[in-house]
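Novice: fold the following and give me the result.
(2 chains)
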Amino acid sequence: MTNPAVRITNPRADTSAIKTYVELMKLRIIELLLITTLPAMIAAADGWPGWWLAFATLFGGTLSSAGANAINQVIDAETDALMGRTRGRPLPTGRVSKRAVLIFGIVLGAAGFFWLWATTNLLAATLSTVGLLAYVFVYSLLLKRSTTQNIVIGGAAGAVPALVGWAAVTNSVEMPAWIMFAIIFFWTPPHFWALAVRYRRDYERAGIPMLPVVVGERRAMDHMVAYTVALIGVTLLLYATGPVGWIYLFFAATAGIGFFLGTWTLRDNPGAAMRYFTYSNVYLSIIFTAIAADVLVLS
Amino acid sequence: MRDATLILGTVLVGGGLVMILWRELFGAAERRKTGAVRDTFEVLLPVAATVALVVWIWVA
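Specialist: All right, here's what the predicted structure looks like:
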């Protein structure tokens, strides 16, 4: 049995525990979720939504997403251990118990709900929790190991932060919020299938039926082209419906052409999958930064 | 300009959805892991939701 006094006097152990729990939150993924939340708030407010509301929403979103990521790692502990990319995570390496991570995730998720409810509104809090539950139950438990559609439908959970941002400002979810949701939704499959192309053997070993594993790289990339075409169309629809102007249109069109060319050329050069994966992150950041910049400059 | 973008956006979304449907339902039978009914539902659900969004945009 560990003596608590010893633990307290061992700063390295404490630092290591904190590091482990921070790692479980997967803050780098959350960063991308937050990049989509703030521009949605700016568009909803037709200007800067205010520092407090921005902080409160981003903090609540971080708690919910971190909770989802932690719980997901409990579900994926066995498969993570089989994959080179994930076997260094806290659960496969035995640095922390499943029970502790599950409690950590639930506490974070609950804290996210109550924080958002207290500081924004019930709709934003509920949407955020729906995103968490969809990620855990629909994506991780229902789809991930059973269908190549896993990341298509499961990707909806990752698109929820745009709805949360809009709802935090307006206490409603209007059409532009759903278009932003659709942008993230159609961006997700090519983004993750690029990762699956790079780590195809890992997914194969873990028995996760990512599309490139099941139908092969070339055919998966043809699917990616289809989703990219729809994605570019959806980004244009946001301009057509009015909340953003020419600044957004310029960046959406140019970045969209770049993204399409990237997807198209990837078909003949699967070795560039990780470069494409990185660019897909940049692409989404460009789209949502352009939304924010457009509203702030032109409003 | 916004009207032209609406038409172009709709054409691209429609084209993308047709390609998705074609590839998912007719192009790669081996990827169907969950049985025909559930698989068809999983493919059609996001497509139907997107069509509903585009119709909503046009009606509005």
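
Novice: next SSE after the helix or strand encompassing A:Glu78?
Specialist: Here A:Glu78, judged by DSSP states H and E, is contained in helix A:77-82. The helix or strand immediately downstream of helix A:77-82 is helix A:98-119, counting by DSSP H and E.

Novice: list of residues touching the helix holding A:Glu78?
Specialist: Residues outside helix A:77-82 that contact it (C-beta atoms under 8 Å, 6 or more residues apart in numbering or on different chains): A:73, A:86-87, A:89, A:91-92, A:98, A:145, A:202, A:205-208. Where you see a C-beta, it was placed from the backbone N, CA and C, and this is true even at glycine.

Novice: tell me how many other residues surround A:Leu236.
Specialist: 27 (other C-beta atoms under 10 Å in any protein chain shown).

Novice: hang on, it packs against A:Ala252?
Specialist: Yes: the pair A:Leu236 / A:Ala252 is scored as a contact, 6.5 Å apart, by C-beta atoms under 8 Å.

Novice: just send the contacts of helix A:77-82 back as JSON lines, with neighbour count and distance to B:Phe41 too.
Specialist: Shown next, in JSON lines, are the contacts of helix A:77-82 (neighbours: other C-beta atoms under 10 Å in any protein chain shown; distance: C-beta to C-beta, whole Å):
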{"residue": "A:Gln73", "neighbour count": "26", "distance to B:Phe41": "29"}
{"residue": "A:Thr86", "neighbour count": "18", "distance to B:Phe41": "30"}
{"residue": "A:Arg87", "neighbour count": "14", "distance to B:Phe41": "34"}
{"residue": "A:Arg89", "neighbour count": "20", "distance to B:Phe41": "33"}
{"residue": "A:Leu91", "neighbour count": "24", "distance to B:Phe41": "33"}
{"residue": "A:Pro92", "neighbour count": "18", "distance to B:Phe41": "34"}
{"residue": "A:Lys98", "neighbour count": "12", "distance to B:Phe41": "32"}
{"residue": "A:Arg145", "neighbour count": "16", "distance to B:Phe41": "18"}
{"residue": "A:Asp202", "neighbour count": "21", "distance to B:Phe41": "29"}
{"residue": "A:Arg205", "neighbour count": "14", "distance to B:Phe41": "29"}
{"residue": "A:Ala206", "neighbour count": "20", "distance to B:Phe41": "25"}
{"residue": "A:Gly207", "neighbour count": "11", "distance to B:Phe41": "23"}
{"residue": "A:Ile208", "neighbour count": "22", "distance to B:Phe41": "21"}
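
Novice: how about these in JSON lines, adding pLDDT?
Specialist: Converted to JSON lines, the contacts of helix A:77-82 look like this (pLDDT from 0 to 100):
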{"residue": "A:Gln73", "pLDDT": "93"}
{"residue": "A:Thr86", "pLDDT": "86"}
{"residue": "A:Arg87", "pLDDT": "87"}
{"residue": "A:Arg89", "pLDDT": "89"}
{"residue": "A:Leu91", "pLDDT": "90"}
{"residue": "A:Pro92", "pLDDT": "90"}
{"residue": "A:Lys98", "pLDDT": "92"}
{"residue": "A:Arg145", "pLDDT": "90"}
{"residue": "A:Asp202", "pLDDT": "89"}
{"residue": "A:Arg205", "pLDDT": "87"}
{"residue": "A:Ala206", "pLDDT": "86"}
{"residue": "A:Gly207", "pLDDT": "87"}
{"residue": "A:Ile208", "pLDDT": "90"}
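
Novice: could you export those residues as a markdown table, including distance to B:Ile57?
Specialist: Output for these, formatted as a markdown table (distance: C-beta to C-beta, whole Å):
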| residue | distance to B:Ile57 |
| --- | --- |
| A:Gln73 | 38 |
| A:Thr86 | 39 |
| A:Arg87 | 45 |
| A:Arg89 | 41 |
| A:Leu91 | 43 |
| A:Pro92 | 45 |
| A:Lys98 | 45 |
| A:Arg145 | 35 |
| A:Asp202 | 40 |
| A:Arg205 | 43 |
| A:Ala206 | 40 |
| A:Gly207 | 40 |
| A:Ile208 | 35 |
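
Novice: quick one: which of those is nearest chain B?
Specialist: Minimum distance to chain B across the contacts of helix A:77-82 is 9.2 Å, recorded for A:Arg145 (C-beta to the nearest C-beta).

Novice: would you mind measuring from the closest one to A:Asn281?
Specialist: Separation of A:Arg145 from A:Asn281 (C-beta to C-beta, to the nearest Å): 25 Å.

Novice: also A:Val152?
Specialist: 19 Å.

Novice: who's more crowded, these two?
Specialist: A:Val152 (26 against 15).
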